[in-house]
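J.: Sequence first, then the predicted structure:
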Amino acid sequence: MSGFPLVALVGNPNAGKSALFNALTGARQKLGNYPGVTVERKSGRLSLSDGRPVELVDLPGTYSLDPTSPDEQVTRDVVLGKQTGERLPDALVVVIDASNLDNHLRFALELLSLGLPTVVALNMVDLASRDGLEIDPAILSRELGVPVVPTVAVRKRGMDDLRGQIETLLNAAPARERGVPGDFNAVRAEARRIAKSAVISEAPSRRLTAAVDRVALHPFFGLILLLGLLFVMFQAVYAWSEAPIAMIEGLAGLLSEAVTATLPDGLVRSFLVDGVINGVGSVIVFLPQILILFFFILMLEATGYMVRAAFLMDGLMARVGLSGRAFIPLLSSFACAVPGIMATRTIADPKDRLTTILIAPLMTCSARLPVYAVIIGAFIPARDVGLGIGLQGLVLFCLYVAGIVGAMMVALVLRMTVTKGASGSFLMEMPKYQWPRLRDVLLGLWQRAVIFLKRAGTIIFASTVILWLLLSFPRAPDDSGISQVNHSIAGRIANGLNVVLEPIGFNRDISLALIPAMAAREVAVSALATVYSIDAGDDEAKLEQSLGDRLKDNWPLPTALAFLAWFVFAPQCISTIAVTKRETNGWRWPLFMVGYLFALAYAAAGLTYWTAVAAGL
């Protein structure tokens, strides 16, 4: 088809471009690759009214002529006539989504500045009408200075009119003067002006969305709103979880008493009470707090607000050399760094992607929550600091913020040194606000509960059992007065490790808990519970104490604060290290990541400890 006129179909992703291509070409399509790249070339034959054939090429969707991926670079090069093996198009068909007019017009204006013969396909006008949006194509055509054809590609409406406009463009071949698109903000403002002038009527719900977005997307008030939502979320993690946690603790206590009353003193009873019930149960007790946290996350996603949060964070991330494309992987890392690191595959720039991988473990994943919760519950008073703000929730909020700030500072340093390079641009479309479906939210919570309980029943259980064995052998002689923990294999290892960790305020128990916590961060809680359960022996008063009370009796406040600071930065998760190795194809970057994170954790814990000591805490 090389001798035929070439018409390029171009537009934003999700504009219905592929459906329009299929409607115009039918089965007369040909697939291949552009020379020298793996990007697919999709072309088809379009017949004009006089029977003349036209080659129609469907270009990859993009948001601008500033490419951030191989697909987007091909689109840019084709419309500029720079793509190897592809000639400059004779005309462009710019496809825009009628229901998302101002966003899609921004790219359309950029394409119109090229000066090529152009027709605009105003697609999905049926969906826009359904949502209460009516657009006048004549006004839009006058403002843009090119023909505008309303279409519904999936129903093949407007195809004849569009085909006729393409024929007119090719016959007349009106050469337009190439313009200058201007900067991003100027083009966006012009797109909004044109969209506003072309809209005849708009449903109240769309006007309400626009009004809400004027606050939600404001560079100052939007950030205040985001911080406020996060603050409420962390307050709720404590305020709403007290009753269910008490219920789970009560059930664990009853189960422990039943086993103690049924079985004679010995290894079997110690295994069930000290290892399983007190060890694994000390982690399961925080399931309500994890579910409350994910309830808020699911609600923010379902309402359409999370994308707006990404938009707000894009400006901050650009200041530290990251593209807004890094936001979604980092957001995923709040659940778990493993899927977050895997989600970096959508980032085209290799240095941008590597930076995102290296800082993903600094996002406060759900596995840290049990550690934070037990320390905050034990050492931070459950009181208000004013305006109904709980001190415990405030401290938890500050820990999450510390992780984010730490990640941004590390990203800035990395982008200036080992991953130095230019950051890419990032554009996104805002979904409509909508009420969350209760079924979807409940299903999401159920899935998180199952994942957590499976983790408790596998990794945490196995780690706790191994720790119990190492704490139980060799057995200290009866009536010797020797601590079973110090006499055990685990205790001896911990005492050796504590030589390194003692300068930052850590004790033997923390040193011991950090070793199995490499399997999963929340194992630190079950490890501490197992240590104190075995250390209590037959002391009924100590056995009846909660883990929080035991910690409060054994740790000074500076040590507890240093422990929290350690977990903000420490890379204690083998799965995260393994997936980093797989995604970077080697051990160089995982070892670099582990090294710098442990150095940060050690420095942060030490600084926190000695600051707290100096303050007399």
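T.: Looks like it arrived, so ask away. Residues are numbered from 1 along each chain as shown.
J.: Output the below-cut-off pLDDT ranges for the stretch 301-450 of the chain.
T.: Within the stretch 301-450 of the chain, the segments meeting pLDDT under 70 span 324, 346, 422-429.
J.: What ranges does it have for its helices?
T.: Residue ranges of the helices in the stretch 301-450 of the chain, as given by DSSP state H, counting those that start in this stretch, are 305-319, 327-332, 337-342, 350-359, 369-379, 391-416, 438-455.
J.: Figure out which of those helices is closest to Gly32.
T.: The minimum distance between Gly32 and the helices of the stretch 301-450 of the chain falls on helix 350-359, with 26.5 Å, by Cβ to Cβ. No exception for glycine: its C-beta is placed from N, CA and C like everyone else's.
J.: residues in contact with that closest one?
T.: Contacts to helix 350-359, defined as Cβ atoms under 8 Å, 6 or more residues apart in numbering, come from residues 321-323, 325-326, 329-330, 341, 344-345, 347, 407, 410-411, 414-415, 419-421, 423-424, 580, 583-584, 589, 592-593, 596.
J.: what's the angle between that helix and helix 305-319?
T.: Angle of helix 350-359 versus helix 305-319, following axes from the mean of the first three to the mean of the last three Cα atoms, to 10 degrees, is 110 degrees.
J.: quick one: buried residues of helix 350-359?
T.: Across helix 350-359, burial judged by 16 or more other Cβ atoms under 10 Å covers 351-359.
J.: Same question for stretch 485-499.
T.: For stretch 485-499, a neighbour-count test (16+ other Cβ under 10 Å) marks 485, 487-488, 490-491, 494, 497-498 as buried.
J.: Give me the residues contacting it.
T.: So stretch 485-499 is contacted by 467, 470-476, 483-484, 506-512, 514-515, 531, 534-535 (Cβ under 8 Å, 6+ apart).
J.: Can you give the distance from the helix or strand encompassing Val120 to the centre of its chain?
T.: Following DSSP states H and E, the helix or strand that holds Val120 is strand 118-123. Centroid displacement of strand 118-123 relative to its chain, using Cα atoms, centre = their mean, to the nearest Å, is 35 Å.
J.: Paired strands for it, with orientation please.
T.: Paired neighbours of strand 118-123 in the sheet (DSSP bridges): strand 91-97 (parallel), strand 148-151 (parallel).
J.: Would you tell me what the next helix or strand after the last one is?
T.: The element immediately downstream of strand 148-151 (helix or strand, assigned by DSSP H and E) is helix 159-172.
J.: and Ser49, what is it in contact with?
T.: Residues in contact with Ser49 (Cβ under 8 Å, 6+ apart) are 163-164, 167.
J.: Report the separation between the most centrally placed residue in the chain and Gly505.
T.: By Cα atoms, centre = their mean, the mean C-alpha position of the chain lies nearest to Leu331, the distance being 1.9 Å. Using Cβ to Cβ, to the nearest Å, Leu331 is found at 33 Å from Gly505.
J.: got it, and Ser488?
T.: From Ser488 across to Gly505, the span is 23 Å (Cβ to Cβ).
J.: and which of the buried residues of stretch 485-499 is nearest to Gly444?
T.: Lowest distance from Gly444 to the buried residues of stretch 485-499 (Cβ to Cβ) belongs to Ala490, with 37.9 Å.
J.: Can you point out the helix or strand that includes the closest one?
T.: helix 489-501.
J.: Skip ahead from that helix and say which helix or strand is next.
T.: Tracing the chain C-terminally past helix 489-501 and defining elements by DSSP H and E, one meets helix 508-514 next.
J.: Packing partners of that next one?
T.: helix 484-487, helix 489-501, helix 523-536 (3 or more Cβ pairs under 8 Å, 6 or more residues apart in numbering; DSSP states H and E).
J.: May I see those arranged in a markdown table, with distance to Arg157 and mean pLDDT as well?
T.: Formatted as a markdown table, the helices and strands packed on helix 508-514 follow (distance: least, Cβ to Cβ, whole Å; pLDDT from 0 to 100):
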| stretch | distance to Arg157 | mean pLDDT |
| --- | --- | --- |
| helix 484-487 | 77 | 83 |
| helix 489-501 | 70 | 91 |
| helix 523-536 | 60 | 86 |
